[in-house]
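Student: structure, please.
(one chain, ligands or ions: 2)
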Amino acid sequence: MTNKLIIFDTTLRDGEQSPGAAMTKEKKLRIARQLEKLGVDVIEAGFAAASPGDFEAVRAVAEMVKNSTVCSLARATENDVRRSGEAIQPAKSGRIHTFIATSPIHMQHKLRMTQDEVVERAVKAVKWALEYTDDVEFSAEDAVRSDIDFLVRVFDAVIQAGAKTLNVPDTVGYSIPFAWGERMQQLIARVPNSDKVIWSTHCHNDLGLAVANSLAAVLNGARQVECTINGLGERAGNASLEEVVMAVRTRRDVFNLDTRIDTTQIVTTSKLVSSITGYPVQPNKAIVGANAFSHESGIHQDGVLKHRETYEIMRAEDVGWNANKLTLGKLSGRNALRQRFTELNIEFASEEMFNAAFARFKELADRKHEIFDEDLQALVSDEAVALVSEHYALVSLRAHSETGILPVAKVVITIDSAEHQAEAQGGGPVDATFKAIEQIVNSGTELQLYSVNNITSGTDAQGEVTVRLAKAGRIVNGQGADTDIVVASAKAYLNALNKLHSKMDRAHPQV
Ligand code: KIV
Ligand code: ZN
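Tutor: Ligands and ions are numbered 1, 2, ... in the order given. Got it, this is the predicted structure:
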């Protein structure tokens, strides 16, 4: 058994199944570029058959990435597998990940298929996939609630058909570490030729045990972990990549395994994923939370100053904290900005896009003394939004709040280039702003989430606002950043409305 642990990142697939986190091709490319730099072995770029947009996104990632395998998910149907095969075709190293449910509850109620039919379909899917690549992964969806004898039968059949990686998912986040480790151990012991394939684990976090379960599987022979940045994913999310990687690295005495991950890229990757998806990272989140390395109590501070290891098991700089470089300021020119964007792996599709980013940079530098890498990341996110021809766009905003007086906001927006304005009162300036926008657009949406995060520290930091809106079963996250959080809020609200307006119809793999 090898001492290499394969890190399979599914932020761009399972991660984007989080409500409102669906990503455009451009956003996926930015994250994929960073995942490659982070050193993940496999990037699951999406579910190619979900929609033409998803197909294009997987294909674009496959064209761009050179140092990681690029994978597409496919249900065990001929169309799904062939779409995946076509999407990964340009990849230097491409994988098809096909799956079918194996639990009685899924087979009976969702698939309406017998065990024999499921085995037959799984084998067919693997064979279709082999027409495109010899790197084929098979997952037994809901393996956690599947009968172990049936799992042995399915896995045996797909190994014979040619699958190289066998994934055992806890689709519903039901397992506990002891049982999950035992399941992995039994499968490896019972499935014929189990030593010829890589065993993989994919755990959801419904009971908060995704990382613990994944590690239990690793201790029992799994050599691939499927995980996501910040633990993003369907419902309560997936196992968090940064936690799995740092557990294996910090407790090398227990695992004796290596990954290819450049851990100093972890924080940058976490921040990028958070700002692109609109999912903030909780401050006390392990590894990437703002407080993960800060010592509050006097006794701890004293201990750390005397000897760091008294209270720290990892070094903040090893996961990329403190890499927060002061990059540029008001006097920085075009060349300096261009070079910093290149160092951050940010490319512009045209000179026009770069010029627009430069103009916004200058505007920001007038309001904010020090510009950090995170500011530049937010600036390009905003810029990409501004350059897409938007249905709704903010022209101007005036918000007034004063103690004892009801806040009022006046907004001017364009709808398809025609200007409209409205004024409204609200519980606070943000509430008044949203009400004024709604007076104009009358969107009929439900506001599900509003959150503000500071991008860097200090009172002149940009606030990054996320707004989640729902309408007729669709959920979108809108984002906006500005040093004025009321303006950032208006941008985020309009960004969400634009996403709802640009209908992105896509199938869900597990429905
Ligand atoms: O959770 C799950 O079972 C999945 C599969 C498609 C691997 O995401
Ligand atoms: Zn999943």
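
Student: pLDDT weak spots in the stretch 201-350 of the chain?
Tutor: Scanning the stretch 201-350 of the chain for pLDDT under 70 picks out the ranges 295-297, 301, 323-327.

Student: that one against ligand 1: which residues are in contact?
Tutor: Residues of the stretch 201-350 of the chain lying near ligand 1 by CB under 6 Å from any ligand atom: 202, 204. Every C-beta, even on glycine, is put in place using the N, C-alpha and C of the backbone.

Student: okay, helices next: where are they in the stretch 201-350 of the chain?
Tutor: With DSSP state H, counting those that start in this stretch as the criterion, the stretch 201-350 of the chain has helices at 210-219, 241-250, 252-255, 266-277, 298-306, 334-343.

Student: could you point out which element follows the helix or strand that contains residue 36?
Tutor: Using DSSP states H and E, residue 36 sits in helix 25-38. Next along the chain after helix 25-38, taking DSSP H and E as the criterion, comes strand 42-46.

Student: so is that next one next to ligand 1?
Tutor: No. Figure legend: strand 42-46 not in contact with ligand 1 (CB under 6 Å from any ligand atom); closest approach 8.9 Å.

Student: next, the angle helix 25-38 makes with that strand.
Tutor: 170 degrees (axes from the mean of the first three to the mean of the last three CA atoms, to 10 degrees).

Student: highest mean neighbour count out of the helices of the stretch 201-350 of the chain?
Tutor: Greatest average neighbour count among these goes to helix 210-219 (a mean of 25), per mean count of other CB atoms under 10 Å.

Student: tell me the helices and strands packed up against that helix.
Tutor: Other elements packing on helix 210-219 under the criterion 3 or more CB pairs under 8 Å, 6 or more residues apart in numbering; DSSP states H and E are strand 165-170, helix 177-190, strand 198-203, strand 224-227, helix 241-250, helix 252-255.

Student: what's in contact with the third one?
Tutor: Put plainly, it is strand 198-203. 6, 8, 10, 14, 137, 139, 164-171, 173, 175, 180, 184, 187-188, 209-211, 213-214, 217-218, 221-226, 238-239 (CB atoms under 8 Å, 6 or more residues apart in numbering).

Student: between the helices and strands packed on helix 210-219, which one is nearest to residue 35?
Tutor: For the helices and strands packed on helix 210-219, the distance to residue 35 is smallest for helix 241-250, at 9.1 Å, taking CB to CB.

Student: who's in contact with the closest one?
Tutor: If you take CB under 8 Å, 6+ apart as the criterion, helix 241-250 is touched by 5, 7, 9, 11, 40, 211, 214-215, 218, 225, 227-231, 255, 257, 259, 261, 263, 266, 270, 286-288, 313-314, 319.

Student: what separates the spatially closest residue to residue 143 that is not a sequence neighbour from residue 409, distance-wise?
Tutor: With CB to CB, 6 or more residues apart in numbering as the criterion, residue 143 has its nearest non-adjacent residue at 4.6 Å, and that residue is residue 168. According to CB to CB, to the nearest Å, residue 168 stands 53 Å off from residue 409.

Student: hang on, isn't residue 271 packed against residue 377?
Tutor: Yes. Using CB atoms under 8 Å, residue 271 is in contact with residue 377, at 6.9 Å.

Student: which positions in the stretch 401-511 of the chain make contact with ligand 1?
Tutor: So far as CB under 6 Å from any ligand atom goes, the stretch 401-511 of the chain lies against ligand 1 at residue 509.
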